[in-house]
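Trainee: my questions are about this predicted structure, shown below with the sequence.
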Amino acid sequence: EAGVAQSPRYKIIEKRQSVAFWCNPISGHATLYWYQQILGQGPKLLIQFQNNGVVDDSQLPKDRFSAERLKGVDSTLKIQPAKLEDSAVYLCASTPPLLTSYEQYFGPGTRLTVT
Amino acid sequence: GDSVTQMEGPVTLSEEAFLTINCTYTATGYPSLFWYVQYPGEGLQLLLKATKADDKGSNKGFEATYRKETTSFHLEKGSVQVSDSAVYFCALRKGTGGFKTIFGAGTRLFVKA
């Protein structure tokens, strides 16, 4: 079974530029998450999708971050404009549709550096 | 709000030493508890889990017991290997609120040969 795919793996941009990350979850996984992991910290949830609907985006900085999950499969996370403090690893994760599915399957992440 | 606190690293051990990484949590209700591991250059992987009080999760020689009375879920391994060098994250997940997972800050482990 293929894992969660993310691209790009690395991205360097200047502040005020925009950037987009892509995630392809494991086939059949209904729930998709985007996390932000700042160096030295644990992952922090940005947004959670159930199929193509948003379940939780309470910690997403909506003035600059946006995310979508069209057709309930792939997802993109966008930052516009980027700030220095957005430098982090952005992780995508997915879980199967069963309510008792405790495990999250993580992609390798996209490391963003904002200069 | 809900939170997870784990011991600061890095932790440096010699091969075959005993490992303990402390983790305590604050949460209402009855969360499930997890340890995830992140090897260099890779994504997080589930190491073990426990879904109710007194459950013991185990995998690859690692163990952790869900202690509700002390709100703890300490990770232990009797004999570490160089290949165990990684960052370990303690996490909790609740059934309400969309199964949100809250992670600790992570503990980096270095194992020397």
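Mentor: It's in.

Trainee: all contacts plus neighbour counts: C-alpha atoms, from now on.
Mentor: Noted.

Trainee: quick check: next helix or strand after the worst-scoring helix or strand of chain B on mean pLDDT?
Mentor: Across the helices and strands of chain B, mean confidence by mean pLDDT, DSSP states H and E is lowest for strand B:101-103: a mean of 91. As assigned by DSSP states H and E, the chain's next helix or strand after strand B:101-103 is strand B:107-112.

Trainee: then that following strand to PDB, C-alphas only?
Mentor: What follows is strand B:107-112, C-alpha atoms only, in PDB (Å, rounded to 0.1, in the frame of the first residue of the first chain):
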ATOM      1  CA  THR B 107      12.300  14.100  22.800                       C
ATOM      2  CA  ARG B 108      15.400  13.500  20.700                       C
ATOM      3  CA  LEU B 109      17.200  10.300  21.500                       C
ATOM      4  CA  PHE B 110      20.800   9.700  20.500                       C
ATOM      5  CA  VAL B 111      22.200   6.200  21.000                       C
ATOM      6  CA  LYS B 112      26.000   5.700  20.800                       C
END
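
Trainee: who does that strand pair up with?
Mentor: Sheet partners assigned to strand B:107-112 using DSSP bridges are listed as strand B:11-14 (parallel), strand B:86-93 (antiparallel).

Trainee: name the residues of it that are buried.
Mentor: Residues of strand B:107-112 classed as buried: B:107, B:108, B:109, B:110, B:111 (neighbour count, 16 or more other Cα atoms under 10 Å in any protein chain shown).

Trainee: for the fourth one, give me its contacts.
Mentor: Right, the one you point to is residue B:110. The neighbours of residue B:110, taking Cα atoms under 8 Å, 6 or more residues apart in numbering or on different chains as the test, are B:10, B:11, B:12, B:13, B:82, B:84, B:85, B:86.

Trainee: follow-up on the earlier one: remind me what the least confident helix or strand of chain B packs against, helices and strands.
Mentor: Where contact means 3 or more Cα pairs under 8 Å, 6 or more residues apart in numbering or on different chains; DSSP states H and E, strand B:101-103 is packed against strand A:44-50, strand B:3-6, strand B:86-93.
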